Structure formats: structure tokens, C-alpha cells
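Only the shape, not the letters, is given here:
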């Protein structure tokens, strides 16, 4: 199992874009923790696009992000 913990790193727009690209290309990562970052609805769309191309990730943690506070646009 390969884990990456990016929690509490202040990830926002650029970080979400980078994570989305990482997920498209990575074939070893099984767990990713993005908890407690500044990921909003726009950022989660980048991550979702990356997830669509990823077949190895089993666990994605996104608790305590701006997703709960932001409104979808």
C-alpha cells in the first residue's frame, strides 16, 4: 500500500490542479489524504478529473475542507 498525506498543507487552486494531474499519471498510490486544506468546488473538479483516470486509489480523505463551506457555482 502506498500512502500520501497532504493534509494541513494549505492546498488551494494550484495544489488541486497538481493533485488532479498526479492522479491521472500515478499507478501506485492507494491512499490520499487531502483533509484540512483550502480545496473548493473548482479545485475538487480538477481532482475528480484525475480520479476518473486513476484505477489504483482506494481511499481519498477530504474532511475539513472548504467543500463544506463553499457553494457550488
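Sure, I can see it. All values derive from a computational prediction rather than experimental measurement. Numbers count the residues shown, from 1 in each chain.

what's around residue 9, how many residues?
Neighbourhood size, residue 9 [other CB atoms under 10 Å]: 14. Every residue, glycine included, has its C-beta placed from N, CA and C.

which residues touch the residue positioned nearest the centre of the chain?
Taking CA atoms, centre = their mean as the criterion, residue 47 is the residue nearest the geometric centre of the chain, at 5.0 Å. Residue 47 is in contact with 16, 19-20, 23, 34, 39, counting by CB atoms under 8 Å, 6 or more residues apart in numbering.

At which residues are the helices of the chain located?
13-25, 41-52 (DSSP state H).

I'd like these written out as JSON lines, with mean pLDDT added.
Compiled in JSON lines, these are given as follows (pLDDT from 0 to 100):
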{"stretch": "helix 13-25", "mean pLDDT": "96"}
{"stretch": "helix 41-52", "mean pLDDT": "93"}
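
Format those helices as JSON lines; extra columns: distance to residue 60.
Output for the helices of the chain, formatted as JSON lines (distance: least, CB to CB, whole Å):
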{"stretch": "helix 13-25", "distance to residue 60": "9"}
{"stretch": "helix 41-52", "distance to residue 60": "7"}
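
Please name whichever of those helices is nearest to residue 7.
helix 13-25 (11.8 Å; CB to CB).

Give me the buried positions along that closest one.
Neighbour-count burial for helix 13-25 flags 15-17, 19-20, 22-23 (criterion: 16 or more other CB atoms under 10 Å).

Next: stretch 46-66.
Applying 16+ other CB under 10 Å to stretch 46-66 flags 46-47, 50-51, 54, 57, 62, 65 as buried.
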